[in-house]
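Asker: Pasting the sequence and the predicted model now:
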Amino acid sequence: MYKKTMARITVYTTRFCPYCHMAKELLRKKGTTFEEIDVSQRELRAEMCAKAGGRHTVPQIWIGEQHIGGCDDLYALDREGKLDLLLAA
């Protein structure tokens with residue numbers, strides 16, 4: 001379990017998105033802290049899309065400077081054993 005990560009984790013979300021809740025729950029289970037940015041405002045969503053290479057769905061997740069993608073991508077990394085390595089870096 002990771003009490004604290006060295007890399008900054010950023011999660012772009014919306015309030016009622018079930019995938020956002022699932023992604024945040026996995027990150028919490030890993031013992032991480034993360035910055036959550038609610039993209040309900042148009043300007044913040046546009047910022048997220050530009051940063052994510054045009055992806056407009058939420059959540060969009062970054063660990064450090066690495067764009068992880070969405071909830072499915074985060075869970076796939078966990079199944080492959082790669083998420084723990086990213087969190088430990």
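Answerer: Sure thing, it's come through.
Asker: what helices or strands is whichever helix or strand residue 74 is part of leaning on?
Answerer: Secondary structure from DSSP states H and E places residue 74 in helix 71-79. If contacts are counted by 3 or more CB pairs under 8 Å, 6 or more residues apart in numbering; DSSP states H and E, helix 71-79 sits against helix 18-29, strand 60-63, helix 82-88. Where you see a C-beta, it was placed from the backbone N, CA and C, and this is true even at glycine.
Asker: Now do it against helix 18-29, angle only.
Answerer: 30 degrees (axes from the mean of the first three to the mean of the last three CA atoms, to 10 degrees).
Asker: Need the winner for burial among the helices and strands packed on helix 71-79.
Answerer: Ranked by mean neighbour count, the helices and strands packed on helix 71-79 are led by strand 60-63 with a mean of 24 (mean count of other CB atoms under 10 Å).
Asker: beta partners for the residue positioned nearest the centre of the chain?
Answerer: Note on the chain: the residue nearest the mean C-alpha position is residue 61, at 2.5 Å, using CA atoms, centre = their mean. Beta-bridge pairing for residue 61 (DSSP bridges): residue 11, residue 69.
Asker: May I have the predicted confidence score for it?
Answerer: On the pLDDT scale, residue 61 is placed at 98.
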